[in-house]
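Q: next one to model:
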Amino acid sequence: MIDQKSLATFSWDDGHPLDIRIAQLFNKYGLRCTFYIPKNNSENLPTLSPSDLRELSKDNFDIHSHTLNHIYLNKLQPHEQASEIQSGKKYIEDAIGQADNIFCYPGGRYTKKTIDLVKGAGFEFARTVDMGFDCAYSSNNFLMPTTTIIAPLTNFQILKHSLKRRSLLRGLNILKLNNAVINKTWASQLDARCYHFWGHSWEIDKYNLWESLEILIQNLVASNIKIVSNKEFYQQKSLYYKSNL
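A: Take a look at the predicted model:
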């Protein structure tokens, strides 16, 4: 059992080859993170090969499904969604030789039927792209939120999140948390928090955020915040859960 007041977890979406550099950074500090991988990316970005996934898994990183082709599920018919979800799960399990029980919605897009299909495929948790949560747990295991993306956010993106939650305070919290990461001014809170940082390795490279990411990791470690995989993070939910949703 993790005996910590505060936890942090990192997840990386889309399976870009630069995920290897992310893994190297976390290895430098003896830490784990989680990768959500599609076989193909409909947005015409390259993806890691099955052999890459096996190597990451052998190196103690968690690999989970992000559908087969990284298509926004809310745009598909139920039978098409089911195929993407189930085929993506099988692809990961075949690649790493382990059961896959955590899912991530491409683009954070889903419907009520999507959630039912994810449950039916045998997943135990699913991660969204909802942001602004100091304690990134939900009462619904299939709507797990996050703290912030590690990438610059536009005012329009922040407004969208505010409107979704009908909360100006949520938007302000997203802005505060995102700025703290990007501007390398992160300062952890003194009371219990469960932070979930996420992003895309290609965006870390595009916006030259490698130093920002490393400083965030260093600050969390210096604050005695244990960094764990998504699986470990979600397994601690019953100990840390605060009603956020």
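Q: nearest residue to residue 217 other than its sequence neighbours?
A: Closest residue to residue 217 in three dimensions, ignoring its sequence neighbours and counting by C-beta to C-beta, 6 or more residues apart in numbering: residue 29, at 6.0 Å. The way it works is simple: take the backbone N, C-alpha and C, and place the C-beta from them, glycine included.
Q: now tell me what touches the top helix by length along the chain from outside.
A: When the chain is parsed with DSSP state H, its longest helix is helix 78-96. Applying C-beta atoms under 8 Å, 6 or more residues apart in numbering, the contact partners of helix 78-96 are 37-39, 50, 53-54, 57, 63-69, 71, 73, 76, 99-100, 103, 113-114, 117-118, 120-123.
Q: ok, then the element right after it?
A: Of the helices and strands lying after helix 78-96 in sequence (DSSP states H and E), the nearest is strand 102-104.
Q: that following strand packs against which elements?
A: If contacts are counted by 3 or more C-beta pairs under 8 Å, 6 or more residues apart in numbering; DSSP states H and E, strand 102-104 sits against strand 34-37, strand 62-65, strand 125-127, helix 230-235.
Q: so which elements touch the helix or strand following the shortest one?
A: Using DSSP H and E, the helix or strand that follows strand 125-127 in sequence is strand 148-149. Contact analysis of strand 148-149 by 3+ C-beta pairs under 8 Å, 6+ apart lists helix 168-182, strand 194-199 as its packing neighbours.
Q: and with 6 Å instead?
A: Judged by 3 or more C-beta pairs under 6 Å, 6 or more residues apart in numbering; DSSP states H and E, the packing partners of strand 148-149 are helix 168-182.
Q: if you count neighbours, what's buried in the helix it packs on?
A: For helix 168-182, the neighbour count (16 or more other C-beta atoms under 10 Å) marks 170, 171, 173, 174, 175, 177, 178, 180, 181, 182 as buried.
Q: by pLDDT, give me the weakest of those.
A: Confidence by pLDDT is poorest for residue 170 among the buried residues of helix 168-182, given 80.
Q: residues near the closest residue to that one other than its chain neighbours, how many?
A: Spatial nearest neighbour of residue 170, chain neighbours left out: residue 132 (4.7 Å); criterion: C-beta to C-beta, 6+ apart. Residue 132: 25 surrounding residues under other C-beta atoms under 10 Å.
Q: repeat that for the one 4 residues further on.
A: Residues within reach of residue 136, counting by other C-beta under 10 Å, total 30.
Q: show me what the closest residue to it other than its chain neighbours is bridged to.
A: Once flanking residues are discounted, residue 136 sits nearest to residue 196: 3.6 Å by C-beta to C-beta, 6+ apart. Beta bridges link residue 196 to residue 9 when assigned by DSSP bridges.
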